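S.K.: structure of the sequence below:
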Amino acid sequence: MGHAERRICRALHLSRSSIRYAAQPRADEAPLTGAIIELACQYGRYGYRRIHAMLEAQGWELSRSRVERIWKLEGLKVPVKQPKRGRLWLADGSCIRMRPEYANHVWSWDFVMERTHDGRVLKILVLIDEFTRRCLVLHVARQIRSNDVIDILAEAMVAYGVPAYLRSDNGPEMVAKNLRRWLASVGSKTLYIEPGSPWENGYCESFNGKFRDELLNGEIFYTLREAQVIIERWRHQYNTVRPHSSLKYRPPAPQATLPATTPAPLRLAA
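M.R.: Numbers count the residues shown, from 1 in each chain. Now for the predicted structure:
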């Protein structure tokens with residue numbers, strides 16, 4: 001074999017050392033691989049793009065393709081792509097699909113249902129700022145009535161300001177007369193989507209999918225209090241750590257911190 005190899009290399013004008021060369025791994029390959037695996041385990045539903053953004057935030061200087069190579073080499077899971085959704089706003093800029101242009105321009109809210117281990121219902125009010133993508137509220141309770149919604153929204157407005165518009169579906173809590181009167185009194189207008197058209201509340205629907213995929217589907221809650229603590233912790237991580245693809249893989253509010261104390265609910269007369 002050695003003689004044949006020499007003759008072939010001589011005929012092709014190749015160096016025998018180039019035939020037997022084995023690429024040496026980079027000095028930082030092992031620690032980088034460890035860092036990727038650690039982040040993939042901690043954030044199990046993130047793909048290599050978000051992991052790359054998080055590594056850069058930690059100070060690594062590397063290309064996305066390198067992270068992708070290690071990701072595939074280690075057999076890490078790439079989340080399945082979500083199906084495309086319909087457009088969120090119409091070309092004529094109609095009010096029902098108003099595009100957010102600045103922070104506190106349009107807030108979206110919705111309800112997500114979950115259960116504790118004993119089968120009892122958990123109702124979660126989701127409130128997001130469509131422009132910044134920041135999750136303003138994840139309020140967890142056994143039941144939430146229209147008066148409770150007023151308290152929750154008032155507390156959010158004290159913390160973040162009053163939005164110009166609030167987008168929602170046509171659920172009974174959303175269209176309650178006392179809530180609509182209260183919103184009008186504080187200067188917020190309502191944007192109700194068409195019945196049976198959840199894609200018109202696309203920002204909230206997208207958030208709800210991530211919320212369920214990254215947290216709810218992997219958790220068993222034994223008590224209401226446990227659910228409140230875990231969900232609030234996830235909300236803070238979503239706002240300050242999780243890279244968001246539409247924000248160039250930056251978190252919605254990377255500098256945000258949890259308030260030292262929770263402000264008392266503000267209740268304005270209807």
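S.K.: after the helix or strand bottoming out on mean pLDDT in the chain, next one along is what?
M.R.: Of all helical and strand segments in the chain, the minimum by mean pLDDT, DSSP states H and E falls on helix 16-19, at a mean of 64. Sequence order places helix 29-42 as the next helix or strand after helix 16-19, per DSSP states H and E.
S.K.: which helices and strands does that next one pack with?
M.R.: helix 48-57, helix 64-73 (3 or more CB pairs under 8 Å, 6 or more residues apart in numbering; DSSP states H and E). C-betas here are computed from N, CA, C, even on glycine.
S.K.: now tabulate these in TSV and tack on mean neighbour count.
M.R.: Formatted as TSV, the helices and strands packed on helix 29-42 follow (neighbours: other CB atoms under 10 Å):
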stretch	mean neighbour count
helix 48-57	20
helix 64-73	16
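S.K.: which among the ones you listed is found nearest to residue 222?
M.R.: Closest approach to residue 222 among the helices and strands packed on helix 29-42 is made by helix 48-57 (29.9 Å; CB to CB).
S.K.: could you pull up the mean pLDDT of the lengthiest helix in the chain?
M.R.: Counting by DSSP state H, the longest helix found in the chain is helix 224-240. Averaging pLDDT along helix 224-240 gives 93.
S.K.: could you do stretch 24-41 as well?
M.R.: Stretch 24-41 comes out at a mean pLDDT of 81.
S.K.: let's see it as PDB, backbone CA atoms only.
M.R.: Taking C-alpha atoms only, stretch 24-41 is exported to PDB below (Å, rounded to 0.1, in the frame of the first residue of the first chain):
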ATOM      1  CA  GLN A  24      -6.800  19.800  14.500                       C
ATOM      2  CA  PRO A  25      -9.700  21.100  16.500                       C
ATOM      3  CA  ARG A  26      -9.600  24.700  17.700                       C
ATOM      4  CA  ALA A  27      -8.400  25.300  21.200                       C
ATOM      5  CA  ASP A  28     -11.800  26.700  22.200                       C
ATOM      6  CA  GLU A  29     -13.800  23.900  20.500                       C
ATOM      7  CA  ALA A  30     -14.400  21.900  23.600                       C
ATOM      8  CA  PRO A  31     -15.500  24.800  25.900                       C
ATOM      9  CA  LEU A  32     -17.700  26.100  23.100                       C
ATOM     10  CA  THR A  33     -19.300  22.800  22.600                       C
ATOM     11  CA  GLY A  34     -19.900  22.600  26.300                       C
ATOM     12  CA  ALA A  35     -21.500  26.100  26.300                       C
ATOM     13  CA  ILE A  36     -23.800  25.200  23.400                       C
ATOM     14  CA  ILE A  37     -24.900  22.000  25.000                       C
ATOM     15  CA  GLU A  38     -25.500  23.700  28.400                       C
ATOM     16  CA  LEU A  39     -27.700  26.400  26.700                       C
ATOM     17  CA  ALA A  40     -29.500  23.800  24.700                       C
ATOM     18  CA  CYS A  41     -30.400  21.900  27.800                       C
END
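S.K.: show me what counts as buried in it.
M.R.: 32, 35-36, 39-40 (16 or more other CB atoms under 10 Å).
S.K.: which residues touch it?
M.R.: Stretch 24-41 has contacts (CB atoms under 8 Å, 6 or more residues apart in numbering) with 46, 48, 51, 54-55, 58, 60, 62, 66-67, 70-71, 74, 76-77.
S.K.: ok, these vs residue 212, which is closest?
M.R.: Closest to residue 212, out of all of these and judged by CB to CB, is residue 46, at 15.2 Å.
S.K.: and that closest one, its phi and psi?
M.R.: Here is the backbone geometry of residue 46 (degrees, to the nearest 10): phi -90, psi 140.
S.K.: spit out the contact partners of it.
M.R.: Per CB under 8 Å, 6+ apart, neighbours of residue 46: 39-40, 54, 79, 242-243.
S.K.: what is the nearest of these to residue 107?
M.R.: Ranked by distance to residue 107 (CB to CB), the contacts of residue 46 are led by residue 242 at 19.6 Å.
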